[in-house]
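Peer 1: sequence and predicted structure below; questions after.
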Amino acid sequence: MNIIDKIFKNRITCCYVFFAIFIELLGITFTDCFPYITEPWYALILLALATTILLVIKNNLLRLILSSLFLGSQIIMIIGFTYLYDSNGTYFDWSMFNQKNDAFGTIEDLTLNWNMICIYSLIFLVFIVIGIFAVYSLKKIRLQNTVHQKLHRAGMSIFMTFSILLTICMPVINGINESNSSYIDKLYNSNYSVYQRLGITSNAIYEFISGQLATSVDISDVNALSETLLIGDNTLDTSDYFGVSEGNNLVMVLVESFDWYPLTLYDEETTALLYPNIVKFMSDSIVCDNFYSREKTDTAEMLMLLGSNPSDKYINYDFPLNEYPYSLPNLFSSSVESNGNELLQIKSFHQNDGDFYNRNVLHESLGFEELVDINDMAEFGLQNTWDENDWGQGERTLDSKTIEAMKDSMFLSTKEDEQFFTFYISLVMHGYYEERESFKEEGYYDYFDELNVFPKGLSTKGDYLRTYAAAVMDFDKALGIMMTDLEEKGCLDNTTILLIADHNTYYNNLAYYAKNITEQYNSELYRVPLMIYDTKLKEAMIENGDSLTVNKFTTTADIVPTVLDIFGIKGWDSLYLGKTIFIDSESIIYSRAYGIFVTDKLICYSANELLYQCENFDEIDLASFVERAEKHLSKLEFIDKILYSDYFATHEYTSPT
């Protein structure tokens, strides 16, 4: 039998191979990749395995059914993972299944790529039609049970077994090799996204096997960490303002999806009418004008409270019961005690279910007394508007309603020797941005029309911006309630307040529209607000002749070192990825969710090829980036070892002296 006859008799399998390759290459183009795979070996192994399974089967109808299942599953995965990429720029990994309830709970508007769906539906239909004709035409061809055919099927079975072993072993072997490689290699190894390197389908299977059977973190030398990590001069750098806020209360607000552009699209007078409390807060605060975040909420939150994150996995689900004596809540509590003050309370608040991102477990490990969630807030008369309908997808519970209902629990009257720490996670600005009834009831849309701003009906994106701007108005109202309450309780001047954006408005790609950015990569997309209200710090900076605007590159990893600095709390440098914002050294973003390095001057997967660079970018900027990235990755190796081994469960934490 010649090769033509073999192809003819196995036309269903051959068609499957062609279509599987075609839809994979087509799929990665929908995630802004080129139509090829740079490291195709694992994809070819999976394709060989599927092909061998089909060749072992004698019945052509069964071949068609099974190949259709293979192809259909591949198409569904590609569409799903492309939607994930389009909605927030994230590449799929299996740890996300820990967050499946969280993910489904945030979907209000399923904006799928219908062009892609139509194309794939047509491709799948063409394959089915070809397959049906093939089954019909092959009915009369019978495979004779000759010795040759038996040997052929035996060979296919052996090859199938070999392919299965390769499918399992390659991720495991690579995982072992990665555990022995330098973290610095991440800076130079690849200049492509994971989909460009492995493909969409093969990356999903590769990550699943690797995550279940292998780890890239070597913890064999974990007991030696105390000799190299927590000794000598390896302490966090401090600034001229070390300890200036010692004895203050601490209020940190993670402001969901907070972006600059609602405050900059109109003139100062109009902006002050729209957002009077934010404008006043800014004028009274230290403002970081060059603050960046390229993280999802859970990752940004851990950077704000812990100062670090692993290179992969999620602290919320993979390490929720670890010991974290170096977290900000734990160190704040220890500091209050060592200063002889009384800690009235240390609590976190969020108007969502406590199991969202597993916060009800993790926050206790981080050092909070409790997480006060939406169920607890019901006792204070706060309505859970998010769960109003059967799908659990009502409108966001307003921040203004939350702060009004919970202000006496969040902000306490304190004496000179008393302190509290409140961490509040806002919700109202969280996307998506369809028109909301609650904003109509509050009169936000009417106020826009009165001022002739954020007009309705210009475009879909314009309407999204209108709703987002209304959400900022509600947060502004909440901020006013908070500041008034603190002032009335007489503790505003001895309270440090941080407003921190967790990320930009990536839902509906609104940041691109509002910032008028058309290219895929631009650091300006990720520049978001960070403001610090602290009368003691402000007075010290004015006295020192320093600007109240911090212009250097700062990011979410800098929050914990900054708070420790101004509160006079020492920490070990290797445990934190950032630096205090009040020294010249700059940190860097290496996003575990997006696989990229980010600064104000560049974006890249590796130093080999930059995806974005600012104007006037030069060799000095590149050298600075490489130096900072190498330091970051060296720290990341230590942090991974600590997290994977739960180091402080068996080793005592001793504060630097």
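Peer 2: Yes, it's here.
Peer 1: ok, the spatially closest residue to Asp502 that is not a sequence neighbour - contacts?
Peer 2: Spatial nearest neighbour of Asp502, chain neighbours left out: Ala300 (3.9 Å); criterion: Cβ to Cβ, 6 or more residues apart in numbering. In short, each C-beta sits where N, CA and C put it, glycine included. Contacts for Ala300 (Cβ atoms under 8 Å, 6 or more residues apart in numbering) come out as Leu254, Ser293, Ile500, Asp502, His503, Thr556.
Peer 1: turn the residues you listed into JSON lines, including pLDDT, distance to Ser311 and secondary structure.
Peer 2: Formatted as JSON lines, the contacts of Ala300 follow (pLDDT from 0 to 100; distance: Cβ to Cβ, whole Å; DSSP: H, G, I helix; E, B strand; the rest coil):
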{"residue": "Leu254", "pLDDT": "98", "distance to Ser311": "23", "secondary structure": "strand"}
{"residue": "Ser293", "pLDDT": "95", "distance to Ser311": "18", "secondary structure": "coil"}
{"residue": "Ile500", "pLDDT": "98", "distance to Ser311": "23", "secondary structure": "strand"}
{"residue": "Asp502", "pLDDT": "94", "distance to Ser311": "20", "secondary structure": "coil"}
{"residue": "His503", "pLDDT": "92", "distance to Ser311": "19", "secondary structure": "coil"}
{"residue": "Thr556", "pLDDT": "97", "distance to Ser311": "16", "secondary structure": "helix"}
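Peer 1: who wins for neighbours among those?
Peer 2: Within those, neighbour counts (other Cβ atoms under 10 Å) peak at Thr556, which reaches 30 neighbours.
Peer 1: element containing the closest residue to that one other than its chain neighbours?
Peer 2: Using Cβ to Cβ, 6+ apart and skipping the chain neighbours, the partner closest in space to Thr556 is Leu303 (4.1 Å). According to DSSP states H and E, Leu303 maps onto helix 297-305.
Peer 1: would you map the strands across the chain?
Peer 2: 249-255, 286-288, 291-292, 342-350, 370-372, 418-425, 495-501, 530-533, 549-550, 554-555, 589-590, 597-598, 602-606, 609-613 (DSSP state E).
Peer 1: same list (the ones you listed) but as CSV, adding distance to Glu442.
Peer 2: As requested, the strands of the chain are exported to CSV (distance: least, Cβ to Cβ, whole Å):
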stretch, distance to Glu442
strand 249-255, 18
strand 286-288, 27
strand 291-292, 29
strand 342-350, 21
strand 370-372, 24
strand 418-425, 20
strand 495-501, 21
strand 530-533, 24
strand 549-550, 32
strand 554-555, 33
strand 589-590, 35
strand 597-598, 35
strand 602-606, 38
strand 609-613, 39
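Peer 1: out of these, which is closest to Ala50?
Peer 2: Among the strands of the chain, the nearest to Ala50 by Cβ to Cβ is strand 602-606 (29.3 Å).
Peer 1: please report how far Asp449 lies from Thr496.
Peer 2: Taking Cβ to Cβ, to the nearest Å as the measure, Asp449 falls 38 Å from Thr496.
Peer 1: and His632, what is it in contact with?
Peer 2: Here His632 is in contact with Leu577, Ser587, Ile588, Tyr590 (Cβ under 8 Å, 6+ apart).
Peer 1: I should have written Phe648 there, sorry.
Peer 2: So Phe648 contacts Asn322, Glu323, Tyr324, Pro325, Tyr326, Ile642 (Cβ under 8 Å, 6+ apart).
Peer 1: and it, how far is that from Ile642?
Peer 2: From Phe648 to Ile642 the distance is 7 Å (Cβ to Cβ).
Peer 1: over to Phe281?
Peer 2: Counting by Cβ to Cβ, the gap from Phe281 to Ile642 is 36 Å.
Peer 1: the two: which is more packed in?
Peer 2: Higher neighbour count among Phe281 and Ile642: Ile642, with 25 against 20, using other Cβ under 10 Å.
Peer 1: residues touching the more buried one, list them.
Peer 2: Counting by Cβ under 8 Å, 6+ apart, Ile642 touches Val222, Leu225, Leu575, Phe648.
Peer 1: by neighbours, which of those wins?
Peer 2: Top of these by neighbour count (other Cβ under 10 Å): Leu575, with 26 neighbours.
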